[in-house]
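Asks: sequence and predicted model, in that order:
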Amino acid sequence: AQSVAQPEDQVNVAEGNPLTVKCTYSVSGNPYLFWYVQYPNRGLQFLLKYITGDNLVKGSYGFEAEFNKSQTSFHLKKPSALVSDSALYFCAVRDFAYSGAGSYQLTFGKGTKLSVIP
Amino acid sequence: DAGVIQSPRHEVTEMGQEVTLRCKPISGHDYLFWYRQTMMRGLELLIYFNNNVPIDDSGMPEDRFSAKMPNASFSTLKIQPSEPRDSAVYFCASSLVGQGSSGNTIYFGEGSWLTVV
């Protein structure tokens, strides 16, 4: 079975400060990891993903995430937060081991609400 | 690219009425997903299709819910009869499993906001 945990329901950060949104995962095989952002009254937008290769992944809007296999983590980071980054952030994992014909098991976390304070 | 297109964007209906939500996936994608989002339960996968074939419908809450994908460019999610507890945002999403920069990434539509009164 695969699972993902976002331990913080809400993260508050001052504008201009670095931000981190935490995500840990559990899979049997190798993970595919994703971050999505949801602005109010909108759908989920893809930010970035880790499939293989470099552990530091860069994505949209200046976000990046670091894959840490030993800690089974994939935390989302940004060096300098903007008020416009305030949104709901979702981490998701897919276990590559369960990639048989037709199957597509992608599990989402419960989401973390990020509030950037001016 | 037009992205995943959903209709209607907003619907208010009375309890007992039939509701049909529509989705056009991104052209060329081979997976289509229906999700439901509520404050209480978060994001739930209802059903997904691969090459128009339903693969897993274990998330469909009950027999009142049904989904079809008659061709690669269209899918529907139907609720009959609707109940107030069905009020939620319903998202359609699509993906192309494979190599390339967009491979394995799920792309979401803007959602259908359903209110059952």
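Replies: Happy to help now that I have it.
Asks: so which residues of chain A form strands?
Replies: A:3-5, A:10-14, A:19-21, A:24-26, A:31-38, A:44-50, A:56-58, A:64-68, A:73-78, A:87-95, A:106-108, A:112-117 (DSSP state E).
Asks: closest to residue B:115 out of those?
Replies: strand A:31-38 (19.2 Å; C-beta to C-beta). Glycine gets a C-beta too; all of them are placed from N, C-alpha and C.
Asks: neighbours of residue 72, how many?
Replies: Since no chain was named, I'll use chain A. When neighbours are counted by other C-beta atoms under 10 Å in any protein chain shown, residue A:72 registers 16.
Asks: was after chain B, sorry
Replies: Residue B:72: 16 surrounding residues under other C-beta under 10 Å.
Asks: surely it and residue B:49 touch.
Replies: No. Using C-beta atoms under 8 Å, residue B:72 is not in contact with residue B:49; the gap is 9.5 Å.
Asks: quick check: phi and psi at residue B:85.
Replies: When read as degrees, to the nearest 10, the backbone of residue B:85 gives phi -70, psi -10.
Asks: residue contacts, residue A:47?
Replies: A:34-37, A:59-61, A:63, A:76, A:89 (C-beta atoms under 8 Å, 6 or more residues apart in numbering or on different chains).
Asks: dump the residues you listed into CSV; add neighbour count, pLDDT and distance to residue B:60 as well.
Replies: Conversion of these to CSV gives the following (neighbours: other C-beta atoms under 10 Å in any protein chain shown; pLDDT from 0 to 100; distance: C-beta to C-beta, whole Å):
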residue, neighbour count, pLDDT, distance to residue B:60
A:34, 28, 95, 24
A:35, 26, 97, 27
A:36, 25, 97, 23
A:37, 23, 97, 27
A:59, 17, 93, 32
A:60, 11, 91, 32
A:61, 12, 92, 34
A:63, 20, 97, 34
A:76, 26, 98, 31
A:89, 24, 98, 27
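Asks: tell me which two in these are the farthest apart.
Replies: A:34 and A:61 (15.1 Å).
Asks: low-confidence ranges in chain A?
Replies: Applying pLDDT under 70 to chain A flags residues A:96-103.
Asks: and it, which of its residues are near chain B?
Replies: For chain A, the contact set with chain B under C-beta under 8 Å from any C-beta of the partner chain comprises A:32, A:34, A:36, A:41-46, A:49, A:51, A:90, A:92, A:94, A:99, A:102-104, A:106, A:108, A:110-111.
Asks: filter the residues you listed to the buried ones?
Replies: Buried by 16 or more other C-beta atoms under 10 Å in any protein chain shown: A:32, A:34, A:36, A:43-44, A:46, A:49, A:51, A:90, A:92, A:94, A:99, A:104, A:106, A:108, A:111, out of the residues of chain A next to chain B.
Asks: closest to residue B:53 among the residues you listed?
Replies: Set against residue B:53, the nearest of these by C-beta to C-beta is residue A:104 (12.2 Å).
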